[in-house]
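Q: This is the structure alone, sequence omitted:
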């Protein structure tokens with residue numbers, strides 16, 4: 001007859017504690033998850049309704065942004081690209097920071113974290129499951145935004161070639177593939193926000209502090225990136241290549257900055273996640 005490991009109950013398996021689906025359903029029942037995902041669906045509809053109030057009298061005004069709006073109303077793919085463009089620099093950052101920054105800190109603020117660890121759920125297991133669930137919801141938010149924009153834009157403006165200010169018209173099939181590539185790169189860039197928010201989440205009991213801290217640091221990096229006097233130092237800022245996805249829309253495709261941005265983002269995210277695991281596995285959990 002097999003014997004149990006010394007110091008553990010018979011039949012106890014660390015890998016069986018806190019199942020992914022159980023945590024996924026638990027997070028789905030939270031109001032912040034429902035509101036965040038709901039807003040991802042609502043935003044393209046709000047933009048679509050706002051476009052209906054365009055009187056057409058200011059077609060020559062508005063500068064670059066006005067030209068982007070004219071592109072947005074020329075087809076479903078273009079409307080999707082516009083929705084991504086207006087969301088990428090701030091809204092998606094906030095949503096990803098919310099999912100990753102709230103995941104552990106909220107448990108600590110509610111006083112339920114120590115009970116999860118007393119179940120017993122190994123600390124590394126708890127962090128891994130929460131990290132995967134946060135990643136799943138962040139990916140879902142990105143897909144909901146793009147999917148809703150594509151469906152609503154196509155119904156309203158039709159299925160037309162993808163147009164942009166940096167490329168010739170792309171056939172709808174190729175345009176759709178370019179948009180998927182853009183979403184993939186944005187997901188990689190947002191890993192930096194995810195890692196930073198997760199690190200702050202295991203370091204504080206205030207979920208709002210973790211979320212806000214990650215967003216503020218991202219904004220600070222964006223501001224510093226605009227200071228040309230920093231020279232090559234800007235290349236090491238996590239936000240320096242955040243808009244490199246525009247190269248995926250050009251003709252021909254420009255991937256140099258995309259590759260650099262991918263390496264930078266994965267490096268920063270890995271560093272933050274390693275620090276998060278190191279910090280949490282050595283932390284005295286009292287709440």
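A: Arrived safely, thanks for sending. If you're wondering where the values come from, they're calculated on a predicted model, not measured in any experiment.
Q: Now the element after the helix or strand in which residue 213 is found, going C-ward?
A: Element membership for residue 213, per DSSP states H and E: helix 207-225. Note on helix 207-225: by DSSP H and E, the next helix or strand toward the C-terminus is helix 256-281.
Q: ok, residue 152 - contacts?
A: 44, 45, 48, 76, 79 (C-beta atoms under 8 Å, 6 or more residues apart in numbering). C-beta: built from backbone N, CA, C; applies to glycine.
Q: Go again with 6 Å.
A: Contact partners of residue 152, counting by C-beta atoms under 6 Å, 6 or more residues apart in numbering, are 44, 48.
Q: State the pLDDT value of it.
A: According to the prediction, residue 152 has pLDDT 95.
Q: and the gap between it and residue 158?
A: As judged by C-beta to C-beta, to the nearest Å, residue 152 and residue 158 stand 12 Å apart.
Q: now do residue 80
A: From residue 80 to residue 158 the distance is 13 Å (C-beta to C-beta).
Q: Likewise for residue 199?
A: 45 Å.
Q: before we move on, the earlier item: does the helix holding residue 213 pack against any helices or strands, and if so which?
A: Packing contacts for helix 207-225, counted by 3 or more C-beta pairs under 6 Å, 6 or more residues apart in numbering; DSSP states H and E, involve helix 91-110, helix 172-201.
Q: Please identify the buried residues of it?
A: 207, 209-215, 217-218, 221-222, 225 (16 or more other C-beta atoms under 10 Å).
Q: Next: stretch 151-163.
A: 152, 153, 154, 157, 160, 161, 162, 163.
Q: Just the ones in strands from those, please.
A: Those of those mapping onto strands are 162, 163, per DSSP state E.
Q: returning to that earlier point: of all the helices and strands packed on helix 207-225, which lies closest to residue 144?
A: Nearest to residue 144, of all the helices and strands packed on helix 207-225, is helix 91-110, at 10.2 Å by C-beta to C-beta.
Q: contact partners of the closest one?
A: 36, 113, 130, 134, 137-138, 141, 190, 193-194, 197-198, 200-202, 204-205, 207, 210-211, 214-215, 218, 287.
Q: Identify the residues contacting the helix holding residue 213?
A: With C-beta under 6 Å, 6+ apart, helix 207-225 has contacts from 93-94, 97-98, 101-102, 105-106, 109, 193, 196-197, 200-201, 204, 234, 237-240.
Q: tilt between it and helix 256-281?
A: When axes from the mean of the first three to the mean of the last three C-alpha atoms, to 10 degrees is applied, the directions of helix 207-225 and helix 256-281 differ by 150 degrees.
Q: what mean pLDDT does helix 207-225 have?
A: 94.
Q: Could you figure out how far it is turned away from helix 172-201?
A: 120 degrees.
Q: now helix 207-225, how far from the chain's geometric center?
A: Distance of helix 207-225 from the chain centroid (C-alpha atoms, centre = their mean, to the nearest Å) equals 14 Å.
Q: What's the local residue count around the closest residue to residue 203 other than its chain neighbours?
A: Excluding the flanking residues, the one nearest residue 203 by C-beta to C-beta, 6 or more residues apart in numbering is residue 279, at 5.9 Å. Residue 279: 13 surrounding residues under other C-beta atoms under 10 Å.
Q: which residue packs closest to residue 34, ignoring adjacent ones?
A: According to C-beta to C-beta, 6+ apart, the nearest residue to residue 34 is residue 28 (7.6 Å).
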